[in-house]
Structures are given as C-alpha cells and as structure tokens.
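Student: how does the following fold in three dimensions:
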Amino acid sequence: MLRIESKVLLLICIHVVLSVAVLLADLSYLQGNLSYFFTLSFILFLFIGYSKRKPYNFLRPSVIVGLYSSGMFLIGSFFYEMGIVHPSHERGNFYSLEHFELITSFLFLSLAFTALPILFLRSSKRKQSYKPNKSFDKHIIYMLSIFALGIFLSIKKIYFSLGDNVFDISGAIIILSALYLSILASLGQSKLRFLIYFLFSLFLIIFLFDDRRLFVMYLLFVLFLEARILNSISISKIIFNSIGIIIILVSGILIATSYRSPIQTDFRDFISEASTPQLASYFEGASLIFHTYDAISTQISQGEFTLGSTYIKSLFIPIPRDFVQIKPRSFIDLYNSKNFPKYRDVGGSNASHFYAEAFWNFSYLGIVPIFLLLFFFEKVYFKLLNLLYLKRVLPSLFLALIYFRVLEFARGTGIDGIMWPILIGFLFMLPAYLLKFKKFI
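Tutor: Now for the predicted structure:
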C-alpha cells in the first residue's frame with residue numbers, strides 16, 4: 001500500500017503532464033474528450049482519499065475539493081459532449097469560448113495545487129477512544145431551544161442585513177444547531193445519533209429547500225463525524241456506502257429542487273428527452289464548468305487582474321458600502337456585472353469555481369492562493385479533529401462551521417461564505433459561555 005505522500009506526488013505529476021498535454025492537443029479532440037481527462041483526475045483523487053487505516057482521510061478538505069471540482073467538471077463536460085445542456089443566450093456555446101486550451105491547462109494545475117497541502121500536513125497517529133457520555137444534557141437542551149427558534153423564524157421568513165448582504169437568519173440558526181447537536185450526538189456515542197442525523201437532514205430539506213447544497217454539506221459533515229471513529233474500512237464497504245450516499249444525494253437534490261421549480265409530475269415526462277436538460281441543470285456541473293471557463297476567458301482577454309481585492313473584500317462584510325467608499329467588490333459581482341449585466345441588475349448571479357476567482361486575481365499565479373487556502377482548510381480540519389478528540393465542544397463548533405462551508409467555497413461563494421456563519425455562530429453561542437459551560441470550553 002502506497003503512503004499518502006507517494007499518492008499525492010503521483011497525482012501532482014500526472015496533473016502537470018495533463019496541463020501540458022492539453023496545450024498540445026488538437027482543440028476539437030480536447031473539446032470532444034474533455035470528460036475523459038477529468039475522469040482520470042477524479043479517479044486520482046479517489047485514490048489518494050482511500051485509506052484503510054484512516055477512513056476520515058477521505059473527508060480531508062483537499063480531497064473533498066479535488067473530488068468535487070474534478071467531479072463537477074466531469075459531469076459538466078459530459079453533459080456538453082452529449083448535447084443535453086441549455087445554451088447560454090448571452091454568452092453563446094461552451095465550445096465557442098476563447099482560450100479553451102489555456103483554461104483547461106490552468107484547471108489541471110489548480111487541481112494539482114489542491115492536493116499539494118496534503119504533503120505538508122499529516123494526521124495524528126494517536127488512537128481515539130470514545131465512550132458514551134451522558135453529561136451533555138445541558139448543551140442539548142440549550143441547542144434544542146436554539147433550533148426551535150430557527151424553525152419558528154424559518155416559518156416567519158425573517159432576514160437581517162449585514163453590510164451589503166442580506167442573510168436568512170433562520171437558516172443560519174438551523175445549521176448552527178444541526179452541527180452542534182450532531183457533534184454532541186457523535187461524542188456521546190448515543191445509539192440514537194443516527195436518528196438525529198436523519199431528522200436534521202429532513203429538516204434541512206423541508207425548511208431550507210431553496211438551497212439543496214446545505215443538505216449535501218451536512219451529509220458530508222455527518223460522514224466526517226462517523227468516519228473519524230472507524231479504525232478500518234474495506235473496499236466493499238466503501239462501494240456499498242458510496243452507492244447509498246449517491247442515492248441519498250440524488251434523492252435529496254431532486255426533492256429540494258422540486259420545491260423551488262417543480263418539473264413534470266408524470267414520471268414518464270420526467271425522464272423524457274424534453275426534460276433531460278432541465279434534469280441535468282439540477283446537478284450544476286454544466287453551469288459551473290461554463291461559468292468557470294467563461295470567467296477565466298474574460299480575464300485573459302481583458303487582462304485587468306484584481307490582485308487580491310476580492311479576497312480582502314470579506315474583511316469588510318459587516319461594514320456597509322455607504323461608510324466605506326473604497327470597499328472592494330466580490331468576484332461574483334465583478335464577473336456577473338461584466339458578462340451578465342441585466343441578470344445582475346435584478347439581483348441574479350452565476351457561480352464560478354474558486355479556481356476562476358484565483359485566476360481573476362493573479363492570472364496563472366492564482367495557483368498560489370489556491371494552495372494557501374487549501375492549506376488553511378487542512379489546518380482547520382486537523383484542529384477540528386483534535387478538539388473533538390479532547391471533547392471541547394464549543395470551540396469545535398466554530399471550526400465545524402468553516403469545514404461545513406468547504407464545498408460552497410469551492411463552488412465560488414468566496415471567503416464571504418465562511419465569514420458570516422462564524423459571525424452568526426459567535427452571536428448565538430455567546431449565551432453558552434455566559435451559562436458557564438466550562439467543562440466543554
């Protein structure tokens with residue numbers, strides 16, 4: 001069995017080779033076979049994620065982002081190759097975008113640098129012991145009351161403003177309490193913890209149906225909590241569990257999406273050729289790969305790099321733009337205002353992968369912030385593991401909020417998506433400190 005460092009080096013070398021190969025490949029061949037290139041990338045990230053002795057390595061941020069990125073690019077390119085994607089009326093066809101080879105080369109380099117932080121951070125070798133703990137009752141009662149408040153506010157649809165942003169406060173409370181109670185259930189090793197996981201998954205689908213990604217991210221967090229207490233895991237279990245997870249993910253996505261934009265109710269219509277592009281759009285792969293390529297193509301053409309200002313913007317979240325005239329604009333705002341002005345004027349936005357934001361800021365040197373950001377997430381991941389081992393519940397919540405947002409960050413929400421949950425988490429966990437839960441701090 002190869003060590004994880006050897007696996008990562010192999011992945012990096014192959015991706016560097018791929019980044020050169022796509023530059024030399026015929027354009028029509030590259031566009032017609034792009035999904036095969038991303039399939040290889042996806043398999044390589046599966047390879048480095050698998051560890052019989054440390055199952056939780058599969059849920060390291062670098063592995064999650066690598067699997068998500070290569071997987072979404074794989075799905076998107078496959079849908080385009082099959083011709084089952086709605087074309088962009090404003091920006092034209094995916095294959096008509098300029099600098100196609102250069103962009104693909106940059107994406108493979110970005111995937112290589114996504115895995116690079118793994119070489120610098122290793123997991124602890126100490127064994128974790130878990131015993132049932134019934135002393136979390138005070139925490140559970142407190143968080144159940146917070147959760148009930150979140151359900152009430154979700155029914156009332158109450159929002160609040162933070163700087164230039166408007167947030168659904170009920171969603172933040174529900175997520176906060178879901179993560180916290182899930183941590184408590186995991187640490188307490190109650191046999192009812194799986195019921196708690198199921199109920200919160202159901203609540204996220206029902207009460208936060210307008211954002212199906214929350215369900216996916218919560219499911220990944222539950223897998224993280226459970227995987228960290230496993231000593232070993234077999235290939236057969238991985239295959240079996242993966243099939244089950246895929247079924248749950250697809251079902252959850254379709255259920256959540258049906259609340260937002262119901263499709264044909266007749267099952268025969270649902271699987272018909274006419275509804276295939278709509279069905280494909282639910283998984284966002286085609287949209288994500290298009291807007292990633294489009295954003296990078298735009299920046300190559302205009303050459304006006306933002307030099308890190310979209311990252312700095314997150315520091316100004318609580319400050320209204322009226323107070324700070326030089327407040328930077330987010331990458332999503334810049335890209336959509338440039339390429340989709342009418343859609344942006346009515347408050348719409350198209351998500352582009354954070355690889356595109358890195359390129360928007362620093363051109364091909366964007367691979368450096370990609371490495372640094374993933375290094376930060378890896379540090380959070382290992383610190384979270386350590387805090388859970390020590391059963392320090394309150395501090396682990398803040399890191400859990402960051403870890404919980406890894407996928408959404410990769411999708412292109414920016415650092416803003418990490419900052420505001422932490423602010424809200426601090427606001428609602430302050431009473432826990434005042435209640436003197438010293439044993440868990």
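Student: count of residues packed around Glu101?
Tutor: Close neighbours of Glu101, defined as other C-beta atoms under 10 Å, add up to 15. Using the backbone N, CA and C atoms, a C-beta is placed for each residue, glycine as well.
Student: list the buried residues for the helix or strand containing it?
Tutor: Glu101 is located in helix 100-115, with elements delineated by DSSP states H and E. Under the neighbour-count criterion of 16 or more other C-beta atoms under 10 Å, helix 100-115 has 100, 102-115 buried.
Student: which other helices and strands does that helix contact?
Tutor: For helix 100-115, the elements it packs on are helix 4-24, helix 27-32, helix 34-49, helix 61-82, helix 285-302, helix 354-362, helix 367-389, judged by 3 or more C-beta pairs under 8 Å, 6 or more residues apart in numbering; DSSP states H and E.
Student: rerun that using 6 Å as the cut-off
Tutor: Contacts defined by 3 or more C-beta pairs under 6 Å, 6 or more residues apart in numbering; DSSP states H and E place helix 100-115 against helix 4-24, helix 61-82, helix 367-389.
Student: average model confidence for the second one?
Tutor: Helix 61-82 shows a mean pLDDT of 91 in the predicted model.
Student: which residues does it contact?
Tutor: 34-35, 38-39, 41-42, 45, 49, 85, 94, 114-115, 117-118, 280, 283, 285-286, 288-289, 374, 377-378, 381, 406-407, 410 (C-beta atoms under 6 Å, 6 or more residues apart in numbering).
Student: run through the helices of the stretch 201-350 of the chain in chain order.
Tutor: 213-227, 235-260, 267-270, 276-281, 285-302, 309-312, 331-339, 341-345 (DSSP state H, counting those that start in this stretch).
Student: contacting residues for Ile103?
Tutor: For Ile103, the contacting residues are Tyr293, Ile296, by C-beta under 6 Å, 6+ apart.
Student: returning to what we had before: got the angle for the helix holding Glu101 vs helix 4-24?
Tutor: 170 degrees (axes from the mean of the first three to the mean of the last three C-alpha atoms, to 10 degrees).
Student: quick one: helix 100-115 to helix 34-49, angle?
Tutor: Going by the same axes, to 10 degrees, helix 100-115 makes 10 degrees with helix 34-49.
Student: ok and helix 100-115 relative to helix 61-82, angle-wise?
Tutor: 150 degrees.
Student: pick the one among the buried residues of helix 100-115 closest to Ala295.
Tutor: The nearest member of the buried residues of helix 100-115 to Ala295, counting by C-beta to C-beta, is Ile103 at 9.4 Å.
Student: and the gap between that closest one and Gly308?
Tutor: To Gly308, Ile103 is 21 Å away according to C-beta to C-beta, to the nearest Å.
Student: what residues are up against Tyr218?
Tutor: For Tyr218, the contacting residues are Leu204, by C-beta under 6 Å, 6+ apart.
Student: let's see it at 7 Å
Tutor: Counting by C-beta atoms under 7 Å, 6 or more residues apart in numbering, Tyr218 makes contact with Ala178, Phe200, Ser201, Leu204.
Student: most tightly packed of the helices and strands packed on helix 100-115?
Tutor: Of these, the one with the most neighbours on average (mean count of other C-beta atoms under 10 Å) is helix 61-82, at a mean of 23.
Student: without its sequence neighbours, what residue ends up closest to Leu387?
Tutor: Once flanking residues are discounted, Leu387 sits nearest to Ser396: 4.1 Å by C-beta to C-beta, 6 or more residues apart in numbering.
Student: again with Lys338
Tutor: Per C-beta to C-beta, 6+ apart, closest to Lys338 is Thr298, 6.3 Å.
Student: if anything else comes up later, I'll come back, but that's it for now.
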